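Trainee: dropping the sequence and predicted coords here.
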Amino acid sequence: MRLICGLVGLSVAMFSMSAIGAAEGAEGIQVASDGVEPFRVIGNIYYVGGQYGSYLITTPEGHILHDTGTVDMHELIVSNVEKLGFNIRDIRLIISSHAHWDHIEGHAAMRRATGAQVVALGGDAVALQAGQDNSALGARGWEPVTVDRVVEDGDTVNLGGTTLRALWTAGHTQGATMWMTSVEEGGQTFDVAFRGGEVPNDGAPLVDNPRHPTVVEDTQRTLRRLKELDPPDLFLHNHARTYPALNPDLPVNPNCASCLDAEGWRAMVASAEASFQSRLVER
Ligand SMILES: [Zn+2]
C-alpha cells in the first residue's frame, strides 16, 4: 500500500481559469495508457483512475467507488485497486459525479465485476438505466446499468463508518451530484467534496432543449448553492487539469493532479459562473 509523502503542495506553474471552466465533461478520449499509478490522496480516499478521476473510498466493511470512467478504463481501475492491496469484490457501492460517458460508461462492467450497488440521483439514475445521455449536451450513450438505489438531494450513503452526502448540482447533467464527506489525516478532520458538475458543456443548447428543458434554471440554482456553501478543505475534481498550487498545509498526496483547495474551489465556481452568464447573454 502506498503512503502519502507528507505536507507537500502541488507545484503547478501555470493556472488558466479557462482550464477549469465550463467546458469540462464529455470532451476528450480516455484510454488505459493515460493511467497513472494509484495513490492514497488523503485519509481513506485513493486515486484509482487514469486521465479522469476515479476514487476509491475504503472502509472496514467494504469500499465505495466514485466514477468508473470509460469501458477502456475498467481493467486499469481493477488493477489499480488491487495494486493498493484491496479486493475488487469488496467494493459495495458505486457512485458518480454525473452521467456522461467519460465518467460512468464503465458502470455496467464494474457492477458485474464487483456485485456492488449502483447509487445515483434523479435524472442521472434515469440516464444510467436507459444508457442514454439525457443532459443538455446529449453525447454518446453507454451500456445500460441497473441503478440499485435512487437518492435525492441531501440523502446519504453510509458504509463502515464513512458517510457521503449528496448535493444535487443539476446543470451539467440532470442529476450531477457533489458527494461530500470528511476524513481524518494527521489527527485533523478535513471536509472533502467530490466534484459533480457546475454548468452545461460548451455548445450544449440552453434554449428549448428537449433533453433538459429546465437546464438554465437548474444551473442557476446550482451556482447559487455552490456559492452559498462553505468551501470544502479539499475538492476532488473528475478531470486532471492544471490547477493552482495547493495550500501547503493541506496534507494531500503531491501526485494528486485533480486536487483543489478551498481557494481553488472558489476560483472554479467563479469561473463557471462567469462563463455561464456570458452564454446567457449570448443566447
Ligand atoms: Zn461531463
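Mentor: On my side now, so go ahead.

Trainee: and Tyr46, that's in a helix?
Mentor: No: looking at Tyr46 with DSSP: H, G, I helix; E, B strand; the rest coil, it is strand, so not inside a helix.

Trainee: which residues of the stretch 101-250 of the chain fall in helices?
Mentor: 101-104, 107-114, 122-130, 215-228 (DSSP state H, counting those that start in this stretch).

Trainee: how about CSV for those helices, with mean neighbour count added?
Mentor: C-beta: built from backbone N, CA, C; applies to glycine. Formatted as CSV, the helices of the stretch 101-250 of the chain follow (neighbours: other Cβ atoms under 10 Å):
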stretch, mean neighbour count
helix 101-104, 26
helix 107-114, 21
helix 122-130, 21
helix 215-228, 18
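
Trainee: tabulate the ones you listed in JSON lines, adding columns for mean pLDDT and distance to Val36.
Mentor: Shown next, in JSON lines, are the helices of the stretch 101-250 of the chain (pLDDT from 0 to 100; distance: least, Cβ to Cβ, whole Å):
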{"stretch": "helix 101-104", "mean pLDDT": "96", "distance to Val36": "16"}
{"stretch": "helix 107-114", "mean pLDDT": "98", "distance to Val36": "19"}
{"stretch": "helix 122-130", "mean pLDDT": "98", "distance to Val36": "26"}
{"stretch": "helix 215-228", "mean pLDDT": "98", "distance to Val36": "28"}
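
Trainee: of those, which approaches the ion most closely?
Mentor: helix 101-104 (6.5 Å; Cβ to the ion).

Trainee: show me where the stretch 1-150 of the chain dips below the pLDDT cut-off.
Mentor: 1-35 (pLDDT under 70).

Trainee: list the buried residues in the longest strand along the chain.
Mentor: If you go by DSSP state E, the chain has its longest strand at strand 177-185. By neighbour count on 16 or more other Cβ atoms under 10 Å, the buried set for strand 177-185 is 177-183, 185.

Trainee: and it, which strands flank it?
Mentor: strand 162-168 (antiparallel), strand 188-194 (antiparallel) (DSSP bridges).

Trainee: mind listing what's buried in the first one?
Mentor: Counting neighbours by 16+ other Cβ under 10 Å, one finds that the buried residues in strand 162-168 are 162, 164-168.

Trainee: how about the strands in this protein?
Mentor: Under DSSP E, the chain gives strands at 39-42, 45-47, 55-59, 62-66, 91-95, 117-121, 149-151, 156-159, 162-168, 177-185, 188-194, 234-236, 259-261.

Trainee: can I get those in TSV with distance to Tyr243?
Mentor: Listed next are the strands of the chain as TSV, based on distance: least, Cβ to Cβ, whole Å:
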stretch	distance to Tyr243
strand 39-42	14
strand 45-47	14
strand 55-59	16
strand 62-66	19
strand 91-95	23
strand 117-121	26
strand 149-151	29
strand 156-159	27
strand 162-168	21
strand 177-185	17
strand 188-194	15
strand 234-236	10
strand 259-261	5
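
Trainee: nearest to the ion, out of the ones you listed?
Mentor: strand 177-185 (12.2 Å).

Trainee: in the stretch 51-200 of the chain, what residue lies closest to the ion?
Mentor: Counting by Cβ to the ion, the stretch 51-200 of the chain gets nearest the ion through His100, at 3.4 Å.

Trainee: and that residue, how many neighbours?
Mentor: 27 (other Cβ atoms under 10 Å).

Trainee: that one and Thr173 touch, don't they?
Mentor: Yes: contact criterion Cβ atoms under 8 Å: His100 and Thr173 qualify, at 6.2 Å.

Trainee: next, show the common contact partners of those two.
Mentor: Applying Cβ atoms under 8 Å, 6 or more residues apart in numbering, one finds that His100 and Thr173 are jointly contacted by 133, 135.

Trainee: just to revisit the earlier point, farthest-apart pair in the buried residues of strand 162-168, please.
Mentor: Within the buried residues of strand 162-168, two members stand farthest from each other by Cβ to Cβ: Thr162 and Trp168, at 20.3 Å.

Trainee: what about stretch 110-120, distance to the chain center?
Mentor: Distance of stretch 110-120 from the chain centroid (Cα atoms, centre = their mean, to the nearest Å) equals 17 Å.

Trainee: using CSV, list the CA coordinates for it.
Mentor: What follows is stretch 110-120 as a C-alpha-only set of coordinates in CSV (Å, rounded to 0.1, in the frame of the first residue of the first chain):
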residue,chain,number,x,y,z
MET,A,110,-17.9,-2.7,-12.7
ARG,A,111,-21.2,-3.7,-11.3
ARG,A,112,-20.8,-7.1,-12.8
ALA,A,113,-17.2,-7.5,-11.6
THR,A,114,-17.9,-6.3,-8.0
GLY,A,115,-21.5,-7.1,-7.3
ALA,A,116,-21.7,-3.6,-5.9
GLN,A,117,-24.9,-1.5,-5.8
VAL,A,118,-25.1,1.5,-8.1
VAL,A,119,-26.4,4.7,-6.5
ALA,A,120,-27.5,7.7,-8.5
